[in-house]
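Asker: Generate coordinates for the sequence data below:
(chains A, B, C and D)
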Number of protein chains: 2
Amino acid sequence: MLIGEYTHTIDDKNRVSLPFKFRKELGKKIIITPGLDQCLFIFTLKEWAKVSKKLSNSESDLSFLKSDQRSFNRFMFGRAAEVELDSIGRILIPDVLKDRIKLKDKAVIVGVQDRVEIWNVDAWEKCEVGFEKEADRLAESLGGKNS
Amino acid sequence: MLIGEYTHTIDDKNRVSLPFKFRKELGKKIIITPGLDQCLFIFTLKEWAKVSKKLSNSESDLSFLKSDQRSFNRFMFGRAAEVELDSIGRILIPDVLKDRIKLKDKAVIVGVQDRVEIWNVDAWEKCEVGFEKEADRLAESLGGKNS
DNA sequence: ATACTAAGTGGGAAAAGGTGGGAAAATTTA
DNA sequence: TAAATTTTCCCACCTTTTCCCACTTAGTAT
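Answerer: Now for the predicted structure:
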């Protein structure tokens, strides 16, 4: 399971170390895509296979017939990239994606169960403040659903 | 069952001894996460497996499509860590979590049935005062719901 | 009272993990 | 085709973490 939060440097060659603890589970190649809430998603190849299957087969197999679906799939697939880790576990973040979330020289790398998220440092901090305010409400609301 | 309250030192390497009485039940590895009410939760791996399953299985498998779910999962998984006890029963508290509840050089470690909680000393004392005042009302409220 | 044990605290040395940079390879451009 | 720029691969450094050993304090028994 991918869990935990790390702040790593993006060097002048656009390289970022993926946290050592994630590497075994992520494998040698990963898929990086635009994520929701102004972050990037990283999936294992296996997880990506599931996700992309789910995204296409929502109701009909002909997902391109639904306008919303078309838009969302363009968003996710259109700028997704398969990226290989170098010999010591670093990846290159494609420029489109880097610019999208305004990454500078630091990035926060977060494990969220089955996926990894990449965040702009400031955006992540704001997000964390939000969690703390909302945690009780979210817990109550999710607690209610599952029980 | 995990019960009792202990005050232990946090040394300059962020290490804390888990109370001897908890060690057998906790095992060699534990999961530490942000908790509700400004404390930290410690789960056994087994207990964590249950908790994380509950958190992920919303309705669809693509839990990242739901905004509340994303937030809460970032809150819980994003700052969780799997931590191994050293040879004499100490754990390292990750900086993010230590800062979150403003731990200094002492921590209160509390057994609460299936989990252990870590508290800032002052916060715990306030909390205790609160219990004493509220105990009757809480008892009524819980008694009413369950019976 | 002293010695012994059990549990918690502290610190130094070795290893791990993250960062940076140079040279080789590849690609682009003139 | 050659020069220039970008990308890739590999090696080296350095900080942080981990591991191990020793000390301290409190409780207990002889």
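Asker: roughly how far apart are A:Arg15 and B:Gly78?
Answerer: Separation of A:Arg15 from B:Gly78 (CB to CB, to the nearest Å) stands at 23 Å. For every residue, glycine as well, the C-beta is placed using N, CA and C.
Asker: For the two, indicate the residue with more neighbours.
Answerer: Neighbour totals were compared for A:Arg15 and B:Gly78, and B:Gly78 leads with 28 against 15 (other CB atoms under 10 Å in any protein chain shown).
Asker: Am I right that that one is in contact with A:Cys39?
Answerer: No: applying CB atoms under 8 Å, one finds B:Gly78 not in contact with A:Cys39, separated by 10.7 Å.
Asker: joint contacts of the two?
Answerer: Any residue near both B:Gly78 and A:Cys39 by CB atoms under 8 Å, 6 or more residues apart in numbering or on different chains counts here, and that gives A:110, A:117.
Asker: which residues in chain A form strands?
Answerer: With strands called from DSSP state E, chain A shows them at A:2-9, A:15-17, A:29-34, A:40-44, A:81-84, A:90-92, A:106-113, A:115-120.
Asker: In the sheet, which strands lie alongside the second one, parallel or antiparallel?
Answerer: Put plainly, it is strand A:15-17. Here strand A:15-17 is paired, per DSSP bridges, with strand A:90-92 (antiparallel).
Asker: The third one too?
Answerer: For strand A:29-34, the paired strands and their directions (DSSP bridges) are strand A:40-44 (antiparallel), strand A:81-84 (antiparallel).
Asker: Deepest in the core, which of the ones you listed is it.
Answerer: Highest mean neighbour count among the strands paired with strand A:29-34 (mean count of other CB atoms under 10 Å in any protein chain shown): strand A:40-44, with a mean of 22.
Asker: That one and DNA strand C, are they touching?
Answerer: No: Strand A:40-44 lies out of reach of DNA strand C by CB under 7 Å from any atom of the strand, never closer than 14.7 Å.
Asker: Extract the C-alpha trace of that strand and format it as PDB.
Answerer: This file holds the C-alpha atoms of strand A:40-44, laid out as PDB (Å, rounded to 0.1, in the frame of the first residue of the first chain):
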ATOM      1  CA  LEU A  40      -0.800  14.800 -10.700                       C
ATOM      2  CA  PHE A  41      -1.600  11.100 -10.300                       C
ATOM      3  CA  ILE A  42       0.900   8.300 -10.700                       C
ATOM      4  CA  PHE A  43      -0.400   4.800 -11.200                       C
ATOM      5  CA  THR A  44       1.300   1.400 -11.500                       C
END
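Asker: of all the residues in chain A, which ones are close to chain B?
Answerer: Residues of chain A found near chain B (CB under 8 Å from any CB of the partner chain) are A:1-5, A:35-37, A:41, A:50-51, A:54-55, A:110-115, A:117, A:127, A:130-132, A:134-136, A:138-139, A:141-142, A:145-146.
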